[in-house]
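Novice: below are the sequence and a predicted model; questions follow.
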Amino acid sequence: MVIQEPHINFLHNTSANHHWHVLYPTQHYTHPQQWTRAVILVSASLDTNMWKQISFPSSDVIILQLSGPYGRCTIFNIYNDGNSQTMLTAIDSFLEHNIDSIKTADNDHMIWLGDFNRHHPTWEDIRNRHLFNYAAAQPLIDLIADYGMLQLLPGGIPTLQSTSTGNWTRPDNVFGTEQLLDAVVSCEMAPELCGPKTDHVPILLTLELEIPRVDLEPRRNWREVDWEAFNSHLSTRISTSPALPLASNDEFQAAARHFTQAVTDTIEAYVPYSRPCPHSKRWWTRQLTKLQDQVKVLSKLAYQMRGLPLHACHEELTAARRQYADEIMSTKKQHWVDWLKDIEGNDLWTAN
């Protein structure tokens, strides 16, 4: 998962759970005064022997290199400032000195993706000609030509809707080497996955590259247990235990084994396994899931109807996103307030 302009908290970190390895720019901690505008999340299910981060002297670029039977696939997560050419110059210099460690064989691939903040008729809709700046875009065009990169996301597809004007533009892009085309299954927009307070639309790039995975240990979903049925079944199983008091060590051990087996069987029968989800949250509720589904449907419809700004779906989407965002904030706050009210002595360190 490649992200630009991530949320950075007061500890100078972003937020991710145990399903992800978070990769920060090389200068994230050595130059804390520079604002970090790019991160990469790598699924914990991927074998760590099959990927590595390559150092790059910037807080706006992260390089991830995947390795496998297909060769090497090097992914550049790039945030390029709209008012400067510094980043493009740095990438050009880096590739000039390090291309041997990135692309030496025909089966080595390279991907550049991110927020380039450049508008050019090659990818931007012609109706946005007022945004075209050929002089600013030329260094990027030259870089694409020098390394034989192809545009994987078709031209004319917008990736951002301005919150002030509602206009759709294309600051984000995805480029890949020619050899990568055989591995590209699809590269498309996913408006239904757009967050409630975001203006960029997620891009889904699917590549057919086989990467070894590690098996995640399944976990029980205790929140979905029918506790009345659970307790009834357990009571029935325990009622057949030997009567108390237990007169000998053998009777005690037999009773302990019987009780343990009763609990184990009841758990197996009434506690389902959870399906690990990268974005699962302790405070998530079914009501949020319903609101999320509504926003997804309206987001997809509004994206399809982006050429009809007066269509009713746009106002419906705005209202649904506002409600969804407010519900997230209130649900999250209430969950942790309730948790703090019920903490005991052993939880104080966690609370701190």
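Specialist: Looks like it arrived, so ask away.
Novice: that's a helix at Ala243, yeah?
Specialist: No. Ala243 is assigned coil when assessed by DSSP: H, G, I helix; E, B strand; the rest coil, not a helix.
Novice: what's the neighbour count on the closest residue to Ala229 other than its chain neighbours?
Specialist: Using C-beta to C-beta, 6 or more residues apart in numbering and skipping residues adjacent in sequence, the residue nearest Ala229 is Tyr270, 5.9 Å away. For every residue, glycine as well, the C-beta is placed using N, CA and C. Tyr270 has 17 neighbours, counted by other C-beta atoms under 10 Å.
Novice: and what of Pro171?
Specialist: 20.
Novice: contact partners for it?
Specialist: Gly82, Asp115, Phe116, Asn117, Arg118, His119, Thr159, Leu160 (C-beta atoms under 8 Å, 6 or more residues apart in numbering).
Novice: flag the least confident of these.
Specialist: Model confidence across the contacts of Pro171 bottoms out at Gly82, which has 86.
Novice: mind checking how far the nearest residue to it once chain neighbours are set aside is from Thr26?
Specialist: Of all residues beyond its chain neighbours, the one nearest Gly82 is Asn117 (3.6 Å), with distances taken as C-beta to C-beta, 6+ apart. In this view, Asn117 and Thr26 are 22 Å apart by C-beta to C-beta, to the nearest Å.
Novice: do the same with Ala254
Specialist: Ala254 is 62 Å from Thr26, by C-beta to C-beta.
Novice: which of those two has more neighbours?
Specialist: Using other C-beta under 10 Å as the criterion, Ala254 and Thr26 rank with Thr26 on top: 18 against 14.
Novice: contacting residues around the more buried one?
Specialist: Gln53, Ser55, Phe56, Pro57, Ser58.
Novice: can you pull the phi/psi pair for Leu193?
Specialist: Leu193 adopts backbone torsions of phi -100, psi 10, taken as degrees, to the nearest 10.
Novice: burial check on it, number of neighbours?
Specialist: Leu193 has 16 nearby residues by other C-beta under 10 Å.
Novice: same deal with Ala351?
Specialist: For Ala351, the neighbour count with other C-beta under 10 Å is 9.
Novice: that one contacts Val337, doesn't it?
Specialist: No. Using C-beta atoms under 8 Å, Ala351 makes no contact with Val337, being 11.7 Å away.
Novice: what residues sit buried inside the longest helix anywhere in the chain?
Specialist: Ranked by residue count under DSSP state H, the longest helix found in the chain is helix 312-342. For helix 312-342, a neighbour-count test (16 or more other C-beta atoms under 10 Å) marks Cys313, His314, Leu317, Ala320, Arg321, Tyr324, Glu327, Ile328, Thr331 as buried.
Novice: gap between that helix and the chain center?
Specialist: For helix 312-342, the distance from its own C-alpha centre to the chain's C-alpha centre is 20 Å (C-alpha atoms, centre = their mean, to the nearest Å).
Novice: mind giving me the packing neighbours of that helix?
Specialist: If you count contacts as 3 or more C-beta pairs under 8 Å, 6 or more residues apart in numbering; DSSP states H and E, helix 312-342 packs onto helix 286-304.
Novice: tell me the pLDDT at Thr48?
Specialist: Here the pLDDT value assigned to Thr48 is 89.
Novice: ok, it to Trp227 distance?
Specialist: When Thr48 is compared with Trp227 (using C-beta to C-beta), they lie 39 Å apart.
Novice: pLDDT weak spots in the stretch 1-150 of the chain?
Specialist: The stretch 1-150 of the chain contains no residues with pLDDT under 70.
Novice: pull out the buried positions in stretch 219-235.
Specialist: Phe230, His233, Leu234.
Novice: just stretch 137-155 next, same as before
Specialist: Under the neighbour-count criterion of 16+ other C-beta under 10 Å, stretch 137-155 has Ala137, Pro139, Leu140, Leu143, Ile144, Tyr147, Met149, Leu152, Leu153 buried.
Novice: next one: stretch 204-217
Specialist: Leu205, Leu207, Ile211.
Novice: go on, stretch 98-113?
Specialist: Ile102, Lys103, Asp108, His109, Met110, Ile111, Trp112, Leu113.
Novice: and the fourth one, how far is that from Pro191?
Specialist: Yep, that's His109 we're talking about. 27 Å.
Novice: next one: Arg72
Specialist: 32 Å.
Novice: can you give me the strands for the stretch 1-150 of the chain?
Specialist: Assigned strands in the stretch 1-150 of the chain, in chain order: 2-4, 20-23, 38-43, 51-54, 61-68, 71-79, 109-115, 149-151 (criterion: DSSP state E, counting those that start in this stretch).
Novice: wait, which of the ones you listed is closest to Gln304?
Specialist: Across those, Gln304 has its closest neighbour in strand 149-151 (22.2 Å, C-beta to C-beta).
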